[in-house]
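In: Build me a model:
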Amino acid sequence: MSYRDLYQGWKENPEQFWMEAAAQIDWDQPPSRAFFDQGPAGEWFADGRVNTCWNAVDRHVEAGRGDQIAIIHDSPITLSHRSITYAELRNRVASLAGALRARGIEKGDRVVIYMPMIPEALEAMLACARLGAIHSVVFGGFAANELAVRLDDARPKAIIAASCGLEPGRVVHYKPLLDKAIDLASHKPDFCVIFQREQEVAQLTEGRDVSWHGFQYGTEPADCVPVEGNHPAYILYTSGTTGQPKGVVRHTAGHLVALNWSMRNIYDIGAGDVFWAASDVGWVVGHSYICYGPLIAGATTIVFEGKPVGTPDAGTFWRVIRDHGVKSFFTAPTAIRAVKREDPEGKLIGQYDLSGLKILFLAGERADPDTIQWAEDRLGVPVIDHWWQTETGWAIAANPAGIELLPVKKGSPTLPMPGYDVQVLDEAGHPVAPGTLGAIAIRLPLPPGTLPTLWNAEGRFVTSYLAHFPGFYETGDAGYVDEEGYLYIMARTDDVINVAGHRLSTGAMEEVLSAHPAVAECAVIGIADTLKGQTPLGFLCLKKGIGTSHEQVIREVVGMVRDQIGPVAAFKNACVVERLPKTRSGKILRATMARIADGEEYKMPATIDDPAVLDEIAGALSELKR
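Out: Below you'll find the predicted structure:
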C-alpha cells in the first residue's frame, strides 16, 4: 500500500485504522474501540488493559527470541561496550521491579529517574512500567533547583539515580545535586535507589538511600501489572515559557500502538534489526526511540555515552554504526553540523565500513538543505528530515521509509503521518494559501501516543495548546505547505520576525547563510529596531581551516540574503562566534539570544548545555555595537 492510500484510509476511517494498528500489540484485555471522547482532547484505547514492559521485553522472550541482543551500551568515554539479551533484560527488570514493589512502589506511584546513558536507566524505566508506576526521567546532571521543581510537581515516592555521569574529561557528580534538590523540594521521597558507578562511589544517606544491587537481594521478581489504556506511562517535563516546566503526560496504550506503528512504517525497523537514536533518555527521543520504540519492535537499541565530536573525534558516529551493524540511525541536525565542522570533507567516514547503514533520520532542530546534502553525498544513503515534538511523542511529518520513500524536498520533513491533519493558519484561525507562512496547527483529535493533558495542569494544557485555535492543537511552529502538500517548518512562532510590517522566517534566512561554503552552523534572531520594529541579526560558526576573513564572509552572506530573500529582509548584520548556545538536545536558544541582544533580563535556561556560551554571545554583541 502506498503512503497516499494509507493516509487516505486513515482519513476515511480513523477508528478502523487505529484498531488494526492496536492488533499488533499484546493486550490483557483488548479495547472495545479506539477513540474515547473524554478528557480535554480525547483519549485512545481507554478501556483496554495492557502492560508496556510485557510488550517491550517479555513477549519477545516468550516468542523464542530471548537470546537476541536487546541493548548495546557503547561508551567511548570509558572505552567499553556490553550487550544485554532480551532474556537477561527481562530478568534484570523483573528483579528491580520486585525490589521496588517490596519497598512499596505500586501502580500509579511516581518514580523520578536521574541517570546517565547507561542500560540501567532503561531498566529503571521498564521496571516502573512493569509495575504500572509512572516514571519521570530528568536529564542526568540537571541543576538541583530544576530537579527540585520537578520533585514538587510529580511528588515521587522514590528516586532512582546514578552516582555520577561522565562527560569528556570530567565526572559529573549526581549525588550532591540530588541531595541538594531533595533539600530544596517541599516534597520528600520515601527512598532513593543509587546505582554506584566505578568512576565515583557516592555517600549514601542513612535511612533514605539504598544501593541498586543491595536492595534487590532476597526479593521476588515482579510480574507485569496490566493497567488501563489511559493510565499514564510517564511524565516528561518540557520547558515552559513561564519558567514553570510543563509535565507532558503519555498514556500507556496509545504510546504502545503509536510507537509500534512508527518503528515499522517510518523507520523500517523490525525484530532483529539494529536501531540507534543518538539522544539521551532525558529527552523525548530517548523515551520513544532509545527505550520503548525499538524494544516494542523487538529490535536492538544502542545506548551511547559520548558526543558526536571529541569522544575521541568526529568519526565516533561512524565507528559505532560499523561496530554494531546499525541499519537506521537517528540524530539531530546539530550533531551532523558539529561533525561537518570538524571534518568538512568527511574524510573520517571513509575509514569505516558503513555498508549496513540504510538510512539517516534527522530531527530536533530544523535540518537545513546544506547539511542534508553534505550527509547524503558522504554517506550514500537517504537522509530524511522529520518533525515532531516532546508533546506528540512521535513524528507529525515524515518520509515513511517502511511504506515507501517519497521524493525528498530538502528543507521539508515531507508529509503528515496518519493521525495528523496538519493545517497552516493565519492569526484568525483561517487556512492560508500554499506557500504562505502561517501558524502550524493540527486538527483535533490528536492521534494515539500524543499528550492527552499536562500533569496536574489541565487548565494550562487547554490554554497552552487548544485555546488559540478552537478545534486545533497549536504546535507553536510556523511554516507553510507547498502545492503538493509538503510541509516546511521555518521557525518557532516566536522566531517569526516582523520587519517593517513584513512577517519573515528566520529559518529561511538561516537556510541561505548555511549554504555559504565557509559556514558550518548559523542562527538568525530578530532584534528590536525603533524604525522597522525588528531587524535580523545573524550568528555564524565557521568551518575549521577556512582561510577567508570574517569580514569577507559576513559581506558575502549579507549579499546572499539580499539576493535570495530580497531587500525586504533588511539583513545587514552578522557576527562570527565560536559556538552557539544550545540545549543538551541540540536546540539553539534563539529566544535567549534575542533577549541578550535587546538588553532584556533573561532566566538561564534549565536545559542549556554550557552557560558560558551566553557570555560569549554577549561579548560578540558588544563588539558588534562598537
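
In: could you pull out the strands for the stretch 451-600 of the chain?
Out: 472-481, 487-492, 496-499, 502-505, 519-529, 533-542, 573-576 (DSSP state E, counting those that start in this stretch).

In: Lowest average pLDDT across those strands?
Out: Among the strands of the stretch 451-600 of the chain, strand 502-505 carries the lowest mean pLDDT, a mean of 72.

In: Could you give the average pLDDT over stretch 98-114?
Out: In the prediction, stretch 98-114 has an average pLDDT of 98.

In: quick one on the thing from earlier: I'd like to know which of the strands of the stretch 451-600 of the chain is closest to residue 340.
Out: Checking these against residue 340 by Cβ to Cβ gives strand 519-529 as the closest, at 6.0 Å. Every C-beta, even on glycine, is put in place using the N, C-alpha and C of the backbone.

In: For that closest one, name the packing helices and strands.
Out: Counting contacts by 3 or more Cβ pairs under 8 Å, 6 or more residues apart in numbering; DSSP states H and E, strand 519-529 packs against helix 333-342, strand 496-499, helix 506-514, strand 533-542, helix 590-597.

In: mind listing what it pairs with, with the direction of each?
Out: strand 533-542 (antiparallel) (DSSP bridges).

In: Including distance to residue 55 and mean neighbour count, could the strands of the stretch 451-600 of the chain go into JSON lines?
Out: Below are the strands of the stretch 451-600 of the chain laid out as JSON lines (distance: least, Cβ to Cβ, whole Å; neighbours: other Cβ atoms under 10 Å):
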{"stretch": "strand 472-481", "distance to residue 55": "27", "mean neighbour count": "22"}
{"stretch": "strand 487-492", "distance to residue 55": "31", "mean neighbour count": "22"}
{"stretch": "strand 496-499", "distance to residue 55": "41", "mean neighbour count": "19"}
{"stretch": "strand 502-505", "distance to residue 55": "41", "mean neighbour count": "18"}
{"stretch": "strand 519-529", "distance to residue 55": "39", "mean neighbour count": "23"}
{"stretch": "strand 533-542", "distance to residue 55": "43", "mean neighbour count": "21"}
{"stretch": "strand 573-576", "distance to residue 55": "50", "mean neighbour count": "18"}
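
In: and these as TSV, adding distance to residue 73?
Out: Shown next, in TSV, are the strands of the stretch 451-600 of the chain (distance: least, Cβ to Cβ, whole Å):
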stretch	distance to residue 73
strand 472-481	34
strand 487-492	33
strand 496-499	42
strand 502-505	41
strand 519-529	29
strand 533-542	31
strand 573-576	39
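
In: which non-adjacent residue is nearest residue 1?
Out: Setting aside the residues directly before and after it, residue 1 is nearest to residue 403 in space (Cβ to Cβ, 6 or more residues apart in numbering), at 7.0 Å.

In: That neighbour in helix, strand or coil?
Out: The three-state assignment at residue 403 reads coil, by DSSP: H, G, I helix; E, B strand; the rest coil.

In: got the contact list for it?
Out: 1-3, 6, 265 (Cβ atoms under 8 Å, 6 or more residues apart in numbering).

In: Relative to residue 265, how far out is it?
Out: Computed as Cβ to Cβ, to the nearest Å, the residue 403 to residue 265 distance reads 5 Å.

In: Next, show the common contact partners of those two.
Out: Common neighbours of residue 403 and residue 265 (criterion: Cβ under 8 Å, 6+ apart): residue 6.

In: rewinding a little: which one (most neighbours) among the contacts of residue 403?
Out: Neighbour counts for the contacts of residue 403 (other Cβ atoms under 10 Å) peak at residue 265, which has 21 neighbours.

In: ok, the closest residue to it other than its chain neighbours - how many residues close by?
Out: The shortest distance from residue 265 to any non-neighbouring residue, by Cβ to Cβ, 6+ apart, is to residue 402 (4.2 Å). By other Cβ under 10 Å, the residues close to residue 402 number 16.

In: show me the residues around residue 402 that make contact.
Out: 264-269.

In: quick one: low-confidence ranges for the stretch 151-300 of the chain?
Out: Of all residues in the stretch 151-300 of the chain, those with pLDDT under 70 make up the ranges 239-243.

In: mind running it again at 80?
Out: 239-245 (pLDDT under 80).

In: the strands in it, which residues?
Out: Listed in chain order, the strands of the stretch 151-300 of the chain (DSSP E, counting those that start in this stretch) span 158-162, 164-167, 170-173, 191-195, 209-211, 227-228, 232-238, 246-251, 274-277, 300-304.

In: Quick check: which of those is buried the most?
Out: strand 158-162 (a mean of 27; mean count of other Cβ atoms under 10 Å).

In: Filter the contacts of residue 402 down to the ones in helices?
Out: 264-265 (DSSP state H).

In: Between which two of the contacts of residue 402 is the distance greatest?
Out: Across the contacts of residue 402, no pair lies farther apart than 265 and 269, at 9.7 Å, counting by Cβ to Cβ.

In: circling back: got the contacts of residue 403 as JSON lines, with distance to residue 355 columns?
Out: Shown next, in JSON lines, are the contacts of residue 403 (distance: Cβ to Cβ, whole Å):
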{"residue": "1", "distance to residue 355": "29"}
{"residue": "2", "distance to residue 355": "28"}
{"residue": "3", "distance to residue 355": "27"}
{"residue": "6", "distance to residue 355": "30"}
{"residue": "265", "distance to residue 355": "24"}
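
In: Now go through the residues you listed and say which are in helices.
Out: 3, 6, 265.

In: closest to residue 110 among these?
Out: residue 265 (32.3 Å).

In: how near is that closest one to residue 301?
Out: 18 Å.

In: Show me the shaky parts of the stretch 1-150 of the chain.
Out: Judged by pLDDT under 80, no stretch of the stretch 1-150 of the chain qualifies at all.

In: same check, this time on the stretch 401-550 of the chain
Out: 491-498, 500-505, 530-533.

In: so residue 49 sits right up against residue 27, yeah?
Out: Yes: using Cβ atoms under 8 Å, residue 49 makes contact with residue 27 at a distance of 6.8 Å.

In: Just put the contacts of residue 402 in CSV and tack on distance to residue 203.
Out: Below are these laid out as CSV (distance: Cβ to Cβ, whole Å):
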residue, distance to residue 203
264, 47
265, 49
266, 45
267, 43
268, 47
269, 42
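
In: Going through the contacts of residue 402, which ones are buried?
Out: For these, a burial check counting by 16 or more other Cβ atoms under 10 Å picks out 264-269.
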